[in-house]
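> kindly generate the corresponding structure for this input.
(2 chains)
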Amino acid sequence: MGSYVPSAPGERKQMLDAIGLKSFRDLYKDVPKEMILKDGLNLPDGMSEVEARRAMTGMADQNTVFSTILRGAGAYDHVIPSIVSYSPAKEEFLTAYTPYQAEMSQGILQSIFEFQTEMCELTGMDVSNASVYDGATAAAESAAMCRDRKRTVTLISGCAHPDVIQTVRTYCYGTGHELRVVPCKDGRTDLAALKEMLTEDVASFYVQQPNFFGLFEDAEALGEAVHAAGALYVMGCNPIALGIMKTPRDCGADIAVGEAQPLGPPLGYGGPYLGYMTATAKLMRKLPGRIVGQTVDAKGDRAFVLALQAREQHIRREKASSNICSNEALCAFTAGLYLAVMGAKGLAEAATQSMSKAHYLAEELCKIPGVSMRFEGEFFHEFVTVMPRADEVLAALEANGILGGLPIEEGVLWCATEKVSKAQLDKAVSLVKEVLAK
Amino acid sequence: MKLIFERSVPGRKCDILPACDVKTVSLPAGLARREAPTLPEMAEVDISRHYTELCKNVHGVNSGFYPLGSCTMKYNPRIDEEMASLPGFTGIHPLSPADSVRGCRAVLDTAQKYLCEIFGMADCTFQPAAGAHGEFTGVLLIKKYHESRGEAQKRTKIIVPDSAHGTNPATASMCGYTVVNVASAPDGCVDLEALKAVLGEDTAGLMLTNPNTVGIFDENILEITRLVHEAGGLCYYDGANLNAVMGIVRPGDMGFDCIHSNLHKTFATPHGGGGPGAGVVGCKDFLAPFLPKSALMDGKDALQVRSFAGTFLVVVKALTYILTLGKEGIPEAAENAVLNANYLMQKIKGTFKPAFDRICMHEFVLDLSDFKKETGVSALDVAKTLIDYGMHPPTMYFPLIVHEALMLEPTETENKENLDAAAEVFRKLYKLGFEDPEYMHAAPHHAQIARPDEVQASRNPVVRWAKA
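Next comes the predicted model:
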């Protein structure tokens, strides 16, 4: 059996003696006897470190690690610089809790303050929180920020990620508010439909940029319509795209949120990831979650603290607008570090290369007879193709170590990032060609 | 300490990406960014030193004693980290075909089986990303249950004791419920008469921590859950304090219908400076049909609280921990957590007063109200002075039912001499309170910073760096 209890059996006895007890069971005298597990848990015996490593490695070995990943749909396989994977493992940071005690947590607080600044820079917004669980919960929390007594309905674009839509729906179900999905037309949000749906009870509208199909929305036109109806405008933006794409601020957004997994955290079968949330100064006090602020200490030196805590659940209890307390600090540390390593130029390069490779892949695939683009319009690093025998194509790619596009209702949703080389793309394309030639 | 932006020098960079090997495509002007973001321009060595310096200004479990009550700051085994960094886990896309992720399924299925055994529950979900997120999920299960029985309109209230974590009432509100705060008995346990008085046809459920937030196991627990069930409500177990009882007694056997457990507390995954956590939610059979799913992975008609399957790599760490401890090690950890708390309380006694002078579970609360009356030194002052001794302060001013509260949870991973040394510091500070209260009002004296002006931080918020 493995154990991390440091005290030796003799010491434990001494400690029991010191509190005047005979056995461990005396510590549990308040627990009704009939409830205590008589035969213990039905679990296997504990393991040594070597055995545990063997067991876990055995499971990891059952997975297929694809050498080429051409699938995104909310989780993106970007280059992770070595220092980004290595540094977050620093033990102090890893093993600390939320920085309640500013006097011994300046490192965490400053790293969050730097992350907040970077997210404000990327989005053009005034204020950022310290991160939330993921992009979907960020979207859901943003909906709650926008409601008031008169405006209670949330609108979301049907071209947003299905998991985001469903998460927002669940949060709305919780508070008993209504969610209405704005239909898509040709792979993009139907502006005319949106205008009709912007009734006086609408609090906010959420659009994803680029959207689930990889297409760029006409974000400014959508924003104008939303504001003309007196509602708030929320954009969910891919942070890598923000390296080259018009900022949500410039598109008129009041709140910009998104999934920041592309900034360093690995795919990890879905998590942990992190959601970012930014807003205009006007909405600062409505932002949920932790926010780090700069202040001075008793000696007049710069110091960082958890600011604006009066918004939070431990003060407001049932009157708080969100129950969130944990964020994804270590992932935010990772994202902050990633952005420092890449810099504005490196980020723009990653974005441009991702887009360029996706366009190359799309062009090459569409040269194959039977393959065509499902939607027209500008796209970033994802696109949908229509092709016959998609199942067979994807199976052939998988057999060759390539995770192809994701089969969805509309076709196959492909993604390319700066991580894949032309040679990898060419190989994938030739395999597709081979299958479809049969 | 300089901000990373203050270290930036134009033209410095890291070389990560190769030149683009396909034709470069750029965005049309209407979609393109107008102005580059201001991000640091730095060489790798300077970035590395910056983050190393940040880490020096952090106190983690690996830096020293961290008795932060209710947070279970136990040691985070290195093997767990190593397993979560295996490429066979980190490199897996969440939307991979089923036959390529048998290992991930094995991790989730095994963790589910073992955690359900520890909880006394039938099924669980790994989607919630933290404890509060788990509470939200659990209470939504309760809501779905009442809805399925046509009682959604009628059952509108969630009962929460006044000793509860702040997340409990906030969660109930997020789920559309009216919160009924019920006063605790003087020992922080549920006052059965007060509970009976608020139970009725409008009761949707009860949210409870057991052991409760003052570190006492509620011996009436079976009666409490029976009363709630009799009224037609369900019982939600806030698993924040599960470390005290895991492997000894199971929440399912106490009569609870669903539970969240913080893997980052009880199952030793690191807190990472405030996340990522994982708030697995377990439930009895009859609630299992309502458990959340991913719209993209499993179809669109279920609850969903986060993308994909959840914080998978955190589950990898927790499973490694559970495999290591096993049948015997799980209760051994609980027993030693309780032993350490009682030993530390015993050693402090005679100075600061325990709020409840009796055997405690894994944590205990000191009541400094008399000490403050006599010396003028507050719980906050004591906490801040502890920082000078390299110890993370206990949780302050919680639970709300104890005034001038300091809540200590040493966990099972502290050895005897650490506890002795900590008790010695507390005894010293007790004395110091009478001798030199001014010194304690101004503490800390040797920390990274002196006491910060928190009022200014909230009144005139500066929440980002800006170019001078």
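
> hey, let's count contacts and neighbours off CA atoms from now on
Fine.

> and the helices in the stretch 301-438 of chain A?
For the stretch 301-438 of chain A, applying DSSP state H, counting those that start in this stretch gives helices covering A:313-316, A:329-366, A:390-399, A:422-437.

> highest average neighbour count across these?
Of those, the one with the most neighbours on average (mean count of other C-alpha atoms under 10 Å in any protein chain shown) is helix A:329-366, at a mean of 24.

> just give me the neighbour total for the closest residue to residue B:120 other than its chain neighbours.
Leaving aside its sequence neighbours, residue B:120 sits nearest to residue B:252 (C-alpha to C-alpha, 6 or more residues apart in numbering or on different chains; 4.2 Å). When neighbours are counted by other C-alpha atoms under 10 Å in any protein chain shown, residue B:252 registers 22.

> number of nearby residues for the residue in the stretch 351-468 of chain B that chain A sits nearest to?
Of all residues in the stretch 351-468 of chain B, residue B:452 sits closest to chain A, at 3.8 Å by C-alpha to the nearest C-alpha. Neighbour count for residue B:452, taken as other C-alpha under 10 Å: 22.

> beta partners for it?
Following DSSP bridges, residue B:452 is listed with bridge partners residue A:297.

> and it, what is it in contact with?
Residues in contact with residue B:452, defined by C-alpha atoms under 8 Å, 6 or more residues apart in numbering or on different chains, are A:102-103, A:295-298, A:303-305.

> could you export those residues to TSV, including columns for neighbour count?
Shown next, in TSV, are the contacts of residue B:452 (neighbours: other C-alpha atoms under 10 Å in any protein chain shown):
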residue	neighbour count
A:102	24
A:103	29
A:295	23
A:296	19
A:297	18
A:298	13
A:303	25
A:304	30
A:305	30
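
> ok, so of the residues you listed, who is nearest chain B?
Distances from chain B to the contacts of residue B:452, taken by C-alpha to the nearest C-alpha, are shortest for residue A:297, at 3.8 Å.

> does the residue nearest to residue B:120 touch residue B:117 like I think?
No: judged on C-alpha atoms under 8 Å, residue B:252 makes no contact with residue B:117 at a distance of 9.3 Å.

> by residue count, what's the longest strand in chain A?
The longest strand of chain A (DSSP state E) is strand A:202-209.

> contacts for that strand next, please.
By C-alpha under 8 Å, 6+ apart, the surrounding residues in contact with strand A:202-209 are A:139, A:143, A:146-148, A:151-157, A:159-161, A:189, A:215-217, A:219, A:226, A:231-238.

> try it again with 7 Å
Residues outside strand A:202-209 that contact it (C-alpha atoms under 7 Å, 6 or more residues apart in numbering or on different chains): A:143, A:146-147, A:151-157, A:160, A:216-217, A:226, A:231-238.

> please flag which of the residues you listed sit within helices.
Those of the contacts of strand A:202-209 mapping onto helices are A:143, A:146, A:226, per DSSP state H.

> how about the first one, what does it touch?
Neighbouring residues of residue A:143 by C-alpha under 7 Å, 6+ apart: A:154, A:204.

> look up how far residue B:160 lies from the residue nearest to residue B:120.
In this structure, residue B:252 and residue B:160 are 19 Å apart, going by C-alpha to C-alpha, to the nearest Å.

> try residue B:48
47 Å.

> quick one: residue B:446 is in a strand?
No: counting by DSSP: H, G, I helix; E, B strand; the rest coil, residue B:446 is not part of a strand but coil.

> how near is it to residue B:404?
As judged by C-alpha to C-alpha, residue B:446 and residue B:404 stand 24 Å apart.

> now swap in residue A:345 and tell me
In terms of C-alpha to C-alpha, residue A:345 sits 52 Å off from residue B:404.

> can you give the domain ranges for the chain?
The chain I'm using is chain A. Annotated domains of chain A cover A:9-61, A:68-78+A:344-437, A:82-336 [automatic domain parsing].

> my bad, chain B
Per automatic domain parsing, the domain ranges recorded for chain B read B:1-15+B:38-56, B:78-92+B:99-323, B:332-454.

> secondary structure element for residue 16?
Let's take chain A. For residue A:16, the element it lies in under DSSP states H and E is helix A:9-18.

> residues in contact with that helix: which ones?
For helix A:9-18, contacts defined as C-alpha under 7 Å, 6+ apart pick out A:22-23, B:343.

> CA atoms of the worst-scoring helix or strand of chain A on mean pLDDT as CSV?
Sorting the helices and strands of chain A by mean pLDDT, DSSP states H and E puts helix A:313-316 at the bottom, at a mean of 73. Only the C-alpha atoms of helix A:313-316 are listed here, as CSV (Å, rounded to 0.1, in the frame of the first residue of the first chain):
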residue,chain,number,x,y,z
GLN,A,313,-20.5,34.4,-3.2
HIS,A,314,-18.6,34.3,0.1
ILE,A,315,-19.8,37.8,0.8
ARG,A,316,-23.2,37.9,-0.9
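
> can you tell me if it touches chain B.
Yes: residues of helix A:313-316 contacting chain B under C-alpha under 7 Å from any C-alpha of the partner chain: A:313-314.

> who in the stretch 101-250 of chain B is up against chain A?
So the stretch 101-250 of chain B meets chain A at B:101-104, B:106-107, B:114, B:117-118, B:129-130, B:132, B:140, B:166-167, B:169-171, B:173-176, B:179, B:217, B:219, B:247-249 (C-alpha under 7 Å from any C-alpha).

> could you list which of these belong to strands?
Filtering these for strands - DSSP E - leaves residue B:179.

> poorly predicted segments of the stretch 1-150 of chain A, please.
A:88-89 (pLDDT under 70).

> counting contacts, what elements does the longest helix seen in chain B pack onto?
Counting by DSSP H, the longest helix found in chain B is helix B:312-348. Applying 3 or more C-alpha pairs under 7 Å, 6 or more residues apart in numbering or on different chains; DSSP states H and E, we find helix B:312-348 packed against helix A:49-61, helix B:78-84, helix B:416-435.

> residue A:354 contacts residue A:379, correct?
No: using C-alpha atoms under 7 Å, residue A:354 makes no contact with residue A:379, being 11.0 Å away.
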